[in-house]
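Participant: Got a predicted model here, sequence first, then my questions.
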Amino acid sequence: MKRETIEKILNFLEEKEGMELPESWFYSIKQLELIKELENYPDGTQYRYNNHLYLLGMQIKKLPNNLHVSGFLDLSYSNIPKLPDKLYVRGYFNLDDCKQITELPNSLYVGGDLVLHKTNITELPNNLYVGIDLYIGNTPLADKYTDEEIIKIVESNRGQIEGKIIRQ
């Protein structure tokens, strides 16, 4: 849901205080509050999110540095321009169709799959760990390197991919 839509909902709530509202609105309001918290979290301290963090298609400007997500992190179709430094995701990490993303942070740990479909990523970072598979379909990375070259690059930079490289 777009930020403008959520802000209109919040303005409506202020005008119609006391009315019964659809349950789906509460989810949208919580998402907006979470996004504001994430965007305004001070750098220099670790931000822990002890659940799955679904921000699909959300208008988000920034995530806190040193972000630790104990579940999944799904940013697919969002417009986030840059990922935070020291990102740890225990589950899968989905960046499907995040066209503004051009690089991954150094010290990226993903316990599950790392999905990079339709991103503009051209290089892999230092200290990349992927616990299952790396999905690179429709990326400049897939056009630039063979699977063997990707594995060699990751391993030479103190990283590891436990599963396969998938190009579809």
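Facilitator: Yep, that arrived. Numbering: from 1, shown residues only.

Participant: who touches Q59 in this structure?
Facilitator: The contact partners of Q59, by C-beta atoms under 8 Å, 6 or more residues apart in numbering, come to K2, R3, I35, S78, N79. For every residue, glycine as well, the C-beta is placed using N, CA and C.

Participant: Please name the nearest non-neighbouring residue to it.
Facilitator: Once flanking residues are discounted, Q59 sits nearest to R3: 4.1 Å by C-beta to C-beta, 6 or more residues apart in numbering.

Participant: and I153, that's in a strand?
Facilitator: No. Read with DSSP: H, G, I helix; E, B strand; the rest coil, I153 is helix and lies in no strand.

Participant: Tell me, how many residues neighbour it?
Facilitator: I153 sits with 17 neighbouring residues when counted by other C-beta atoms under 10 Å.

Participant: Identify the nearest residue to it in space, disregarding sequence-adjacent positions?
Facilitator: I153 sits nearest to L124 (C-beta to C-beta, 6+ apart), 5.6 Å away.

Participant: Tell me if I'm right that that neighbour and N157 touch.
Facilitator: Yes. L124 sits in contact with N157 when judged by C-beta atoms under 8 Å, with a separation of 7.2 Å.

Participant: Comparing these two, which residue is more hemmed in?
Facilitator: Neighbours per residue, other C-beta under 10 Å: of L124 and N157, the larger number sits with L124, 21 against 14.

Participant: Need the per-residue pLDDT for that one.
Facilitator: Looking at L124, its pLDDT reads 92.

Participant: Tell me how many other residues crowd the closest residue to S78 other than its chain neighbours.
Facilitator: Leaving aside its chain neighbours, S78 sits nearest to M58 (5.1 Å; criterion: C-beta to C-beta, 6+ apart). Residue neighbour count, defined by other C-beta under 10 Å, stands at 22 for M58.

Participant: likewise the one 3 residues further on?
Facilitator: The burial metric for K61, expressed as a neighbour count using other C-beta under 10 Å, is 12.

Participant: Confirm for me that it is in contact with I80.
Facilitator: Yes. Contact criterion C-beta under 8 Å: K61 and I80 qualify, at 7.2 Å.

Participant: Spatially central residue in the chain, please.
Facilitator: In the chain, the residue lying closest to the centroid (C-alpha atoms, centre = their mean) is L75, at 3.9 Å.
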